[in-house]
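Visitor: sequence first, then the predicted structure, then my questions.
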Amino acid sequence: MTKDTIGIDVSKATLYVYWQSRDEAHNLPNSKEGFERLCDWVDQHRDVLIVFEATGAYHRALERHLSQQGRRFH
């Protein structure tokens, strides 16, 4: 069971990321660079669940990238 959650508010240009248990926040670009930085940030914690709201076209590239990396998201 996942005990840790990362929430992401997705906008056209930015991912507003908050890691609940660590009380850490980052603003990342909504681009491949930002997706890679996000995955690098959580790389040591594969059991973390990434949560974001479907925002029309703005979340699709993030969703695709996380799927290709085998990351859990909802």
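Guide: Arrived safely, thanks for sending.
Visitor: isn't Lys12 right up against Tyr58?
Guide: Yes: counting by C-beta atoms under 8 Å, Lys12 touches Tyr58, with 5.3 Å between them. No exception for glycine: its C-beta is placed from N, CA and C like everyone else's.
Visitor: mutual contacts of those two, please.
Guide: Jointly contacting Lys12 and Tyr58 under the rule C-beta atoms under 8 Å, 6 or more residues apart in numbering are Asn30.
Visitor: so the two - more neighbours on which side?
Guide: Tyr58 (17 against 9; other C-beta atoms under 10 Å).
Visitor: bridge partners for the closest residue to Glu63 other than its chain neighbours, pull those for me.
Guide: Once flanking residues are discounted, Glu63 sits nearest to Phe73: 7.0 Å by C-beta to C-beta, 6 or more residues apart in numbering. Judged by DSSP bridges, the bridge partners of Phe73 are Ile50.
Visitor: count the neighbours of Phe73 for me.
Guide: By other C-beta under 10 Å, 17 other residues sit near Phe73.
Visitor: show me where this structure has helices.
Guide: Assigned by DSSP state H, the helices in the chain fall at 32-42, 60-68.
Visitor: and for the shortest one, what's in contact with it?
Guide: Helix 60-68 is touched from outside by 8, 10, 15, 30-32, 35-36, 39, 50, 52, 73, with contacts defined as C-beta under 8 Å, 6+ apart.
Visitor: the longest one now?
Guide: Outside helix 32-42, the residues within contact range by C-beta under 8 Å, 6+ apart are 6, 8, 14-15, 17, 19, 26, 28, 48, 50, 61-62, 65-66, 69, 71.
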